[in-house]
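>>> Coordinates for the following, if possible.
(one chain, ligands or ions: 1)
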Amino acid sequence: MSPANARPAIDVSFEFFPPKTEAMDETLWASIERLAPLAPRFVSVTYGAGGSTRERTHATVARIVRDTKLEPAAHLTCVAATREEVDEVVRGYWEAGVRHIVALRGDPVGGPGTAYEAHPGGYAQACDLVAGIRKVGDFEVSVSAYPEKHPEASTFDADIDALEKKVDAGATRAITQFFFDNAIYYRYLERVRARGIRIPIVPGIVPVQNFKQTASFAKRTGASVPDWLAARFEGLDDDVETRKLVAAAVACEQVTDLRANGVSEFHIYTMNRAELAYAICHMLGLRPAETTAAAA
Ligand code: FAD
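Residues are numbered from 1 along each chain as shown. Predicted coordinates:
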């Protein structure tokens, strides 16, 4: 067995969203402090639909650079901005010391399910954005991947074509939409590898903090919710404590199976809460580093 402080051959990354209020800000920073000693490979900060959190995303990323030793990854979308405006944001990140961007097309301004219209003069697709970012600087660029197919893609192959274009444009890692049935991820990985795509396809793990919310989010994003998962949370709507225990058990079961099947990199959608993310990492064998990565 490895000593408690030795780093297992596992990489995790954590996703946060930029806080809207002071209370949310406190929760976020308490979570970052709690998770930082686990020495994540990077921590990412989402970009609100329609570019609505542009300043808040930037401010959160800038504070991560300033106040921690963590590597930030800034999410960025093509929505509602010209190429020049997007390039300006990318340059701003470079100047702030950020070297990793999660490049996305973004959802339509009217929300998922409505027709997407590229901004005239903007980047039309995620692959165009990836190429644009790589022109500005030598960024690490992560992109999305959809084990259950993006709802807008006409076929699975068309969806994998889109991933291939992003890789050709310079993407170095893909992070998946969340899924609950690992068999879906294994099948997807086979399809992607059969197409000759070699970049890491990192599973996105969503701890189910609130089953109803997760199920409704899954519906919008095209992720399926298996009956067995619904059954596990049945009757727990008003029982927060049991729900937390069940959520931890479900997520730990999922990552343990992925690990047993050779997966060594995990991206955790934290929803700005540390508890479940910490438990998942613990179950994966991660322990706080001797010298904490937090508080520079
Ligand atoms: P792409 O990879 O470009 O496309 C996905 C699929 O849709 C492809 O199959 C493509 O062929 C198809 N497609 C795209 N456009 C069209 C079209 N016009 N007609 C037909 N098919 C089309 N959203 C945010 O707003 N902010 C975030 O911070 C954010 N972070 C995310 C992080 C991860 C890990 C993931 C998985 C998603 C994230 N999203 C975020 C959601 C994402 O923006 C949406 O799923 C969006 O609808 C697609 O963006 P993409 O970059 O995945 O698209």
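>>> how about the strands in the stretch 1-150 of the chain?
11-16, 42-45, 72-77, 100-104, 140-145 (DSSP state E, counting those that start in this stretch).
>>> what distance separates the start and the end of stretch 166-174?
This stretch, stretch 166-174, spans 9 Å end to end (CA to CA, to the nearest Å).
>>> Kindly report the same for stretch 34-51.
Stretch 34-51 has an end-to-end distance of 28 Å (CA to CA).
>>> returning to that earlier point: any chance of a markdown table for the strands of the stretch 1-150 of the chain, columns mean neighbour count?
C-beta here means a position set from N, CA and C on the backbone, and glycine is covered the same way. Shown next, in a markdown table, are the strands of the stretch 1-150 of the chain (neighbours: other CB atoms under 10 Å):
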| stretch | mean neighbour count |
| --- | --- |
| strand 11-16 | 23 |
| strand 42-45 | 25 |
| strand 72-77 | 25 |
| strand 100-104 | 25 |
| strand 140-145 | 24 |
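>>> now for those, which one comes closest to Gly121?
strand 72-77 (15.1 Å; CB to CB).
>>> Let me know whether that closest one sits next to the ligand.
Yes - using CB under 6 Å from any ligand atom, strand 72-77 reaches the ligand at 75, 77.
>>> Neighbours of the closest residue to Ala74 other than its chain neighbours, how many?
In this structure, Ala74 finds its nearest non-sequential neighbour in Val61, 4.7 Å apart by CB to CB, 6 or more residues apart in numbering. Neighbourhood size, Val61 [other CB atoms under 10 Å]: 26.
>>> residue contacts, Val61?
45, 72, 74, 93, 96, 98 (CB atoms under 8 Å, 6 or more residues apart in numbering).
>>> now, which of those residues sits nearest the ligand?
Proximity of those to the ligand (CB to the nearest ligand atom) peaks at Val45, which lies at 8.0 Å.
>>> so who does Arg187 touch?
Pro147.
>>> so the host helix or strand of it versus strand 140-145, what angle?
Using DSSP states H and E, the element containing Arg187 is helix 182-194. Interaxial angle, helix 182-194 versus strand 140-145 (axes from the mean of the first three to the mean of the last three CA atoms, to 10 degrees): 120 degrees.
>>> list the buried ones in helix 182-194?
Applying a neighbour-count criterion of 16 or more other CB atoms under 10 Å, one finds 182, 184-185, 188-189, 192 buried in helix 182-194.
>>> And the nearest residue to Gly170 once chain neighbours are set aside, how close does it get to His58?
Setting aside the residues directly before and after it, Gly170 is nearest to Arg134 in space (CB to CB, 6+ apart), at 4.1 Å. Shown here: Arg134 relative to His58, a distance of 20 Å by CB to CB, to the nearest Å.
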